[in-house]
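Enquirer: Attaching a predicted model along with its sequence, questions to come.
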Amino acid sequence: MSANLSIDGDDERPYNPPPTDPNTLAQLREHIDCLKTEADVAEFCSVMLARRTPLPNELRGSAYVKILLGPMGNEYVLNREPSAEEFQKKAVRAEKESPDTEQVRLDVVRTRAKLRHFQSENIRTAMVRLLCMFCLRERVEYLQGMNELLAPFMLVPTVGGRPRSVYFLMRSFVRRKLPFVLCARSSKSSETAGAGLGNGVGSTSSTQFGSSPPPPHTQQALGETADPFGGIRLCFQALTALLLYHDPQLAVYLKANYITCDFFAMSWFITAFSRSLHLELVYALWDCMVLDSRPCGLLFFALAVLTSRRDMLLSTSSAMLPETVTALRPTTADEVIKMWHLGAKMRDTCTPASFTTAMSNGIFDSFDPMQLVPVFSNPLACAVGCVVSAASDLKRTQRVEINAAEEKSGEQSSAQRALPLFVLDCRTRDEYDSGHFPRGAFVRLDAVRALSNPHFQQQQPQQAQQPQQELQHQGGKRGSAAAADSGGKQPFPAGRKLPHISSDPRFGRNNVNNRTAASPRGAVRTSGLMMSTQEHQRGGADQAQSGVGMKSPEDELGAAMELIRPLEGRVQLCLCGSGEISEDSTDVAQLCNHLVNRLHVRYVSILHDGFHSMLREHTSSKARGGAGDFELGAYKEHSYRAARAKRRLESGGQSAIGAKITARLEVARAGAGAGSNAWTNLFDRNQVAVSRLKNALTTMSISVQTRLSAGGGSSGGTGRGTTPGGAAGSGGSRQHSDLAASDS
């Protein structure tokens, strides 16, 4: 891939496309005229996309009408606007009523100002009226850059001279390919603004596009007074996550230099690169967007623009990096098409299908932010910035949908498939042994978990703890050894503590409308979870680094890297936790943060909802009767329930005593069920007795706490309940401690 850069987006060389071969032109014209059904249009798009050449300029208008407006595109326009005079009157009225007319006029004057065609006063007036009508009919606020979306359609042969066709082509293109531009309903205009302009003004309903309706843009998604750039910021979040997934080294480098997507990609998404490229390249890109029906094409094209220049960007100094990034763009039509197919390959072979589907349904093919909740509201993923995968991605039957025409042309092998997902199970050993995904491996993270869970540290045997100086010395040796094993990248500096990640799920919400979320510092601030560049000092944490038979965090992370190294770049790594945020923040987030932000391992994602989602998929697969659709290895319900209850008890310092009692009873029931039918029947047949026992124990614990509190505040019992030397206080304290720690 060439590393040439176009210096300025205002490169307005005269657009004089070379004439197409007459025989080829005649064949394509006949083919386009024969497109009568949606199936014909789909086949035509597939064939033209596989040719990897732009559409002939002489036939671009006819092809766009058939694809964007339907096989009966010309009839579609006439049915909605039968009279050119009436359409002109509505456009003049829209110019007068629009609250953004002045801003539109200023932008139109600057649109492709060096091209003679756009210097005409008639063309500028027509553009102002069409843009005002578009915003009023769609009930959206005008965004600077919409003028660049209209300009290429004004030059398309057989269309540019017909304002009605230009208007409907632009509207269909934006609705189908850029629905995030329409996310903000206009708060300036009233309900009656644009009344009488026709075609759905004053309502959010859209008319069918021939036999194929456009993807809906949801008015209620962000509300009537939504941030007009809310959809664009969602695009930034998606691009940031994908860059960290596909090229973490480049993503971390840009982040370290405070280069964020809102700095260089604003015009990429608002104008679909029209502002940045010469018209010849714009048409080459838009041809791909129109012909390719696969999801999120523009998003992955932007990703390909960045990753194809990674070597140049990584070698650029911090002082020159901002200028270099903003100047990134392809310079030839062939390069545009290569980048488009490179992005398609990254989407089809290296990206979780569930993430692509969420981006498609939520941003790029329709605008419904509720589809993004599992992706952008996952606290762990928001903290690390990584991609979220789903249990459905693990199905054995998943394949890449390869374009049939590309198979015939030999451009892609029919055997090409998506990289398989390999699960790294970050749960405890007991949880793993009670059920796991077959295509995966267990990763021991007990020491990592211990450092992140103060209550677990208190449960370590005192005789197993070593002096602070000795631990730091050993930690330095282990850190050096792990660094040597990982190619010189030391997992943790010698004598340092493991960075802590907060387990509070309230801080995991990432406000998509918060502008600071796009910056490196803002991402950490909004998530509330500490990144690897900030080492959180925790007093006494080193005391639990090592125990009898327990590895250090450096050893565990080094062993995890040794496990991953043969698979790096050959599989997609999916980190699976228990599904509880408070637990996953102590192991899954730590490992993901270490792999992605420190060691720059590619294709790392976090499984949404952890093993809980696997269980749901396993249950639904069995209900559908598909035994081979999704299976779990060695899954035993009783053992799994016992392992889960045991882990809840180990982290019980963060739980209420009633939850501890319930967990202990669950351990007893699950353990009994695994070994004796009699004990199982005892628990199953005496649910009332078990419930009464739990209530009695809970009541007793509350009364103990009440007496301790009363004893501590009474005048005659100073020090009771708080001083170990007091008899009553000592007894009450022991009783409370025995109740909380008993395993019987």
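Expert: Good, I have the coordinates.
Enquirer: Now for Pro22, how many residues are close by?
Expert: 8 (other C-beta atoms under 10 Å). For glycine as for every other residue, the C-beta is placed from the backbone atoms N, C-alpha and C.
Enquirer: That should have said Ala113, apologies.
Expert: Neighbour tally, Ala113, other C-beta under 10 Å: 12.
Enquirer: The helix or strand harbouring Glu323 - contacts with which helices or strands?
Expert: If you go by DSSP states H and E, Glu323 is part of helix 321-326. Counting contacts by 3 or more C-beta pairs under 8 Å, 6 or more residues apart in numbering; DSSP states H and E, helix 321-326 packs against helix 261-264, helix 310-314.
Enquirer: Who are the packing partners of whichever helix or strand comes after the first one?
Expert: If I follow you right, that is helix 261-264. Next helix or strand after helix 261-264 toward the C-terminus (DSSP H and E): helix 266-270. Of the remaining helices and strands, those touching helix 266-270 by 3+ C-beta pairs under 8 Å, 6+ apart are helix 146-154, helix 230-246, helix 297-307.
Enquirer: So for Ala559, which of those sits nearest?
Expert: helix 230-246 (23.6 Å; C-beta to C-beta).
Enquirer: Measure how the helix or strand that comes right after the closest one sits relative to helix 297-307, angle-wise.
Expert: Using DSSP H and E, the helix or strand that follows helix 230-246 in sequence is helix 248-256. Going by axes from the mean of the first three to the mean of the last three C-alpha atoms, to 10 degrees, helix 248-256 is angled at 90 degrees with respect to helix 297-307.
Enquirer: List the buried residues for helix 248-256?
Expert: Neighbour counts over helix 248-256 (16 or more other C-beta atoms under 10 Å) mark 248, 250-255 as buried.
Enquirer: try stretch 147-167
Expert: 147-156, 159-160, 162-167.
Enquirer: Quick one: end-to-end distance for that stretch.
Expert: Stretch 147-167 has an end-to-end distance of 12 Å (C-alpha to C-alpha, to the nearest Å).
Enquirer: sorry, back to before: just send the helices and strands packed on helix 321-326 back as a markdown table, with distance to Leu607 and mean neighbour count too.
Expert: As requested, those are exported to a markdown table (distance: least, C-beta to C-beta, whole Å; neighbours: other C-beta atoms under 10 Å):
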| stretch | distance to Leu607 | mean neighbour count |
| --- | --- | --- |
| helix 261-264 | 25 | 19 |
| helix 310-314 | 27 | 15 |
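Enquirer: any chance of the helices and strands packed on helix 266-270 in CSV, plus distance to Leu575 and mean pLDDT?
Expert: Shown next, in CSV, are those (distance: least, C-beta to C-beta, whole Å; pLDDT from 0 to 100):
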stretch, distance to Leu575, mean pLDDT
helix 146-154, 40, 95
helix 230-246, 12, 93
helix 297-307, 22, 96
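Enquirer: which sections of the stretch 401-550 of the chain are below the confidence cut-off?
Expert: Filtered on pLDDT under 70, the stretch 401-550 of the chain yields the residue ranges 401-417, 453-550.
Enquirer: Now with 50, please.
Expert: Counting by pLDDT under 50, the stretch 401-550 of the chain shows low-confidence ranges at 401-415, 457-548.
Enquirer: how about the helices and strands packed on helix 321-326, which one is nearest Phe355?
Expert: It's helix 261-264; of those, that one is closest to Phe355 (C-beta to C-beta) at 16.9 Å.
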